[in-house]
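# Let me see the structure of the following:
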Amino acid sequence: MGSLQTPITQTACLGAVGRNQRRSAWATDRGGVDPLAWEARCSSASRWLSCQGFAGVIFSMLSSGSMRQADKERDVGMGETELRPGAGGNTPGHHWGGAETCEGQKSWRSGCAWRGGCVASERLAINVSGMRYETHLRTLAQFPDSLLGDPHRRLRYFDPMRNELFLDRSRVCFDAILYFYQSGGRLRRPPHIPLDVFMEELRFYELGEDVISRFREDEGFAKEEPRPLPSGALQRHLWMLFEHPESSSGARIIAVISIMVIIVSIVIFCLETMPEFKKEEREVHHSSNSSSGGHTAANIFLDPFFVVETICICWFSFELFMRFTCSPSKIQFFKDVMNVIDFVAIIPYFVTLGTELADTKGGSPTATLAVIRVIRLVRVFRIFKLSRHSKGLQILGQTLRASLRELALLIFFLFIGVILFSSAVYFAEADNEDSMFTSIPESFWWAVVSMTTVGYGDMYPVTVGGKLVGSMCAIAGVLTISLPVPVIVSNFSYFYHREMESEDTTEYVHVSTDIWQVDEGEQEEQWPEPEKQANQLLNEKGKTPGGKHVPQGALGDPGVNRR
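Residues are numbered from 1 along each chain as shown. All right, here's what the predicted structure looks like:
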């Protein structure tokens, strides 16, 4: 037994010394992290017990296995590579691979050569406001253009002391972001997270404009179609001035002038109906009928309302002509409802002018007056020209158009209620001689006024049965109107938020007659690419922006994970 003690003791001692050397090399390769204290004590105890004979050999073997298991658990906890039996090959985030992987690990891990290969299961720890997440690097590498998928971009958030990424962002939103990577592109907003907050998170993680556009479509936002521009430089400049008021300061000035002209035209339309001005108009017409044609034309052009109306029509015609001339597509121009309204707004003036001139040549004054009244009624549609410059009116129009089904349902309910309660109140008041409800059609007005809770009081029931019918009619009207109103309000809120969101994302190109394109060098200076920002931060390999050492392979190899 004594003859066997020397070689066994030498083997155990050499094994302990080799383990200490490998432990030191492991600590050096891992950024200077100190080994565990109990592992050092275990190595000292193995050297002491090895001198006692065969028991030292057994304890040395047990302690060596314990250290290997500790190494394995510690590496997995720190996000390092866990070596398992399998085929060799390049890993998604490290420089090791194949036989080089095994050779490279012999300095700090034993037993790799006889396993026949190493398979790396890489995991990355992400700390989001104190909540720790772990995921595989290959999961993040599915989207290499995003913040977490690009090793260069996520490097600036890496904490080398904790071997993790730290993001001071919303934890609830990150659950949806992480599921986006895990599911391969499915993005769902948490129900209790506001849309603007979630959009900020999407922009922070740099998921891309395609992902954001698909998310907006899933949320119900209309897809922004490209707006064509005229090919000519001058036409493009004029088109931006008259069609897009927010494109430049000159376009805003033209929009303000157009709004003022519209308001003046509407005011003139209303003032013409006042008795004082109608008296002057009758005097002008009387004098024109008793005089010659030339004198009549002079009286028409001397009318102040006609002069102001002519000035307004000249501006409307000029604006419509410029937009039509500079429009990229003439067919699409007439398909636009706003352009049709602009065209209808100027027709009454020319029709009125033609009828006045025809009247001076011996036309029928009565027929001419009837035509003028109808045409003047069309002038009221000029108020819709304000919707071109008012986002609120545009939102209201979109809301009514989207709520046509609900509005039709409301009218249908009111129609049923009017028929039902007008018939009921007629028969309830039939025995009363002084009844105001002489027929069912005459009771329609009372039913409509009662169901809308207006109650003019011009018609009212007198009998007990009629009052009971009136009470039921008012209650039914409140319930009928209140049912579709929340849907209409929801549509209005939806279009309002969508319009506000589109204002933040829509950008207009400020065109001029001299320079039509932005200088590439200036544009590049104002908007540097994310890759260039990352390259500036990575001047030294293996260093963070703060100059701290990053363990090699902790964030993955940029050359392997990129598409």
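
# what's the first-to-last distance across stretch 214-232?
Terminal residues of stretch 214-232 lie 33 Å apart, using Cα to Cα, to the nearest Å.

# pLDDT averaged over it, what's the number?
In this model, stretch 214-232 has a mean pLDDT of 74.

# Contacts only, for Leu396.
Phe492 (Cβ atoms under 8 Å, 6 or more residues apart in numbering). In short, each C-beta sits where N, CA and C put it, glycine included.

# Tell me how many other residues surround Phe242.
21 (other Cβ atoms under 10 Å).

# Show me what the helix or strand harbouring it is packed up against.
Using DSSP states H and E, the element containing Phe242 is helix 233-243. Using 3 or more Cβ pairs under 8 Å, 6 or more residues apart in numbering; DSSP states H and E, the elements in contact with helix 233-243 are helix 249-271, helix 304-326.

# can you pull the buried residues of the last one?
In other words, helix 304-326. 306, 308-309, 312-313, 315-317, 319-320, 322-323, 326 (16 or more other Cβ atoms under 10 Å).

# The spatially closest residue to Phe343 that is not a sequence neighbour and Cys173, how far apart?
Among residues not flanking Phe343 along the chain, Leu320 sits closest, at 6.6 Å (Cβ to Cβ, 6 or more residues apart in numbering). From Leu320 across to Cys173, the span is 48 Å (Cβ to Cβ, to the nearest Å).

# How about Glu246?
Note on Glu246: its distance to Cys173, by Cβ to Cβ, is 31 Å.

# what about Pro228, which SS state?
On the three-state scheme (DSSP: H, G, I helix; E, B strand; the rest coil), Pro228 is labelled coil.

# So what's the residue count around it?
Pro228, neighbours per other Cβ under 10 Å, totals 11.

# From what I see, it and Ser329 are in contact.
Yes - the criterion here is Cβ atoms under 8 Å, and Pro228 meets it with Ser329 at 6.9 Å.

# Distance of Phe318 relative to Ser443?
Phe318 is 53 Å from Ser443, by Cβ to Cβ.

# ah, wrong one, I meant Ser231
Per Cβ to Cβ, Ser231 is found 64 Å from Ser443.

# out of these two, which sits in the more crowded spot?
Between Ser231 and Ser443, counting by other Cβ under 10 Å, Ser443 is the more crowded of the two (26 against 8).

# which residue sits closest to that one, ignoring its sequence neighbours?
Looking at Ser443 with Cβ to Cβ, 6+ apart, the closest residue is Ser422, at 3.6 Å.

# who's in contact with the one you found?
Ser422 makes contact with Phe437, Ile440, Pro441, Ser443, Phe444, Trp446, Ala447, according to Cβ under 8 Å, 6+ apart.

# before we move on, what about Phe321?
Taking Cβ under 8 Å, 6+ apart, one finds nothing in contact with Phe321.

# same deal with Ala125?
Gly79, Arg132, Tyr133, Glu134, Arg162, Asn163, Glu164, Leu165.

# what do you get for Pro441?
Ser422.

# Looking at it now. What's its pLDDT?
At Pro441, the model reports a pLDDT of 92.

# Tell me the secondary structure at it.
Classification of Pro441 using three-state DSSP returns helix.

# Same check on the one 5 residues further on?
Secondary structure for Trp446, judged by three-state DSSP, is helix.

# Any idea how many residues pack against the nearest residue to it once chain neighbours are set aside?
The shortest distance from Trp446 to any non-neighbouring residue, by Cβ to Cβ, 6+ apart, is to Met459 (4.3 Å). Other residues lying near Met459 total 19 when counted by other Cβ under 10 Å.

# part of a strand, is Met459?
No - judged by three-state DSSP, Met459 forms no part of a strand; its state is coil.

# ok so, going back, these two touch, right, the residue nearest to Phe343 and Val344?
No - using Cβ under 8 Å, Leu320 is not in contact with Val344, being 10.7 Å away.

# CA atoms only: put stretch 478-493 into CSV for me.
Listed next in CSV are the C-alpha coordinates belonging to stretch 478-493 (Å, rounded to 0.1, in the frame of the first residue of the first chain):
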residue,chain,number,x,y,z
VAL,A,478,-84.9,58.5,-25.3
LEU,A,479,-84.1,54.8,-25.5
THR,A,480,-84.2,54.7,-29.3
ILE,A,481,-81.8,57.6,-29.7
SER,A,482,-79.4,56.5,-27.0
LEU,A,483,-78.8,53.1,-28.5
PRO,A,484,-76.8,54.0,-31.7
VAL,A,485,-75.3,57.2,-30.2
PRO,A,486,-72.3,55.4,-28.4
VAL,A,487,-71.3,53.8,-31.7
ILE,A,488,-71.3,57.1,-33.4
VAL,A,489,-69.3,58.7,-30.6
SER,A,490,-66.8,55.8,-30.7
ASN,A,491,-66.3,56.3,-34.5
PHE,A,492,-65.8,60.0,-33.9
SER,A,493,-63.2,59.3,-31.2
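
# Alright, calling it a day.
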